[in-house]
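Undergrad: after the sequence you'll find the predicted model.
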Amino acid sequence: MSTSFSGFSPEALKFLSQLKRQNNRPWFLKNKETYEREIKGPTVSLVQAVNAEFRSWAPELVTEPKRAIYRIYRDVRFSPDKSPYKTHTAALFAPRGLEKHACAGFYFHLAPNELLIAAGAYMPGPKELLAIRNHIASNSAALRKILANPQLMALGGLQGDRLMRVPKGFSPDHPTADLIRYKQFLVWVQHAPEKAIGGELLPLLLHTFRTMLPLVRFLNAPLKPAKKEIMS
């Protein structure tokens, strides 16, 4: 499989900007052909190109486009915002066998105002969070070495929501208290959306994902296979 990807077109950013202003069903249906051509098709091609590279250095993260790419349609059932469409295109690369949003993986999205590239565990459940914290407590030197990587630090280092106090079950003066207080374990970097136009996007994604890979593998190491996957 070819690993080339020519990037999104300026029309893609134009479409997303217009969708942000005209977020309604009649407008979307009128412009659905543009969505398919400029957004959905290129996103599938990009995921396929990333997968082709992953096969040699991150095979556990190869994710078929149907599973990786988020739908454009918003779930508005419990949201005060009833806008029917997302105003970005996004994909998540998560290991098969682990719950898609509870484990660590790679993520990117392209929105009218940003290109976001991220990695880590965004929504670990109680079992996953406890497993990760215990893993950190037992392997803190390995994690600190990963986080001290200058390339990872240049992306902003470890981020995410944290507890005010050390969680129950851990000593308040635990040597890894600063790390086990995290409820999310994330690294992300933002770029101008224009970075997605042309052939620069794929090398940028792959370089950033390679930098983030040791953290993703560390966080997934203690997690057990899920009985069923959470669907997008």
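TA: That came in fine, so what should we check first?

Undergrad: what ranges do the strands span in the protein?
TA: 89-93, 104-111, 114-121, 185-191 (DSSP state E).

Undergrad: which parts of the last one are buried?
TA: The reference is to strand 185-191. 185-189, 191 (16 or more other Cβ atoms under 10 Å). Just so you know, the C-beta spots here come from the backbone N, C-alpha and C atoms, and that holds for glycine as well.

Undergrad: one more: the third one?
TA: Of the residues in strand 114-121, those buried under the neighbour-count criterion (16+ other Cβ under 10 Å) are 115-121.

Undergrad: ok, that strand: who's next to it in the sheet?
TA: strand 104-111 (antiparallel), strand 185-191 (antiparallel) (DSSP bridges).

Undergrad: that one to strand 89-93, inter-axis angle?
TA: 20 degrees (axes from the mean of the first three to the mean of the last three Cα atoms, to 10 degrees).

Undergrad: and the most far-flung residue of the chain relative to its centre, what's its pLDDT?
TA: Using Cα atoms, centre = their mean, the residue of the chain lying farthest from its centre is Asp173. It sits 32.4 Å away. We have a pLDDT of 92 for Asp173.

Undergrad: residue ranges in the protein under the pLDDT threshold?
TA: 1-3, 226-232 (pLDDT under 70).

Undergrad: biggest helix in it, by residue count?
TA: Criterion DSSP state H: the longest helix present in the chain is helix 201-220.

Undergrad: output the contacting helices and strands for it.
TA: Under the contact criterion of 3 or more Cβ pairs under 8 Å, 6 or more residues apart in numbering; DSSP states H and E, helix 201-220 touches helix 41-57, strand 104-111, strand 114-121, helix 126-138, helix 140-147, helix 150-154, strand 185-191.

Undergrad: can you give me the buried ones in that helix?
TA: Buried-residue list, helix 201-220, by 16+ other Cβ under 10 Å: 201-202, 204-206, 208-209, 211-216, 218-220.

Undergrad: widest-spaced pair of those residues?
TA: Spatial extent of the buried residues of helix 201-220 (Cβ to Cβ) is set by the pair Leu201 and Phe218 at 26.6 Å.

Undergrad: let's have the strands paired with strand 114-121 in TSV, adding distance to Leu152.
TA: TSV is the format used below for the strands paired with strand 114-121 (distance: least, Cβ to Cβ, whole Å):
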stretch	distance to Leu152
strand 104-111	14
strand 185-191	6
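
Undergrad: between these, which one is closest to Arg55.
TA: strand 104-111 (14.5 Å).

Undergrad: could you give the angle of that closest one to helix 201-220?
TA: Going by the same axes, to 10 degrees, strand 104-111 makes 150 degrees with helix 201-220.

Undergrad: what's strand 104-111 in contact with?
TA: By Cβ atoms under 8 Å, 6 or more residues apart in numbering, the residues outside strand 104-111 that reach it are 8, 12-13, 16, 61, 87-95, 115-122, 185, 193, 196, 205, 209, 212, 215-217, 219-220.

Undergrad: residue contacts, the residue lying closest to Tyr35 once chain neighbours are set aside?
TA: Leaving aside its sequence neighbours, Tyr35 sits nearest to Phe15 (Cβ to Cβ, 6 or more residues apart in numbering; 6.5 Å). For Phe15, the contact set (Cβ under 8 Å, 6+ apart) comprises 31, 34-35, 38-39.
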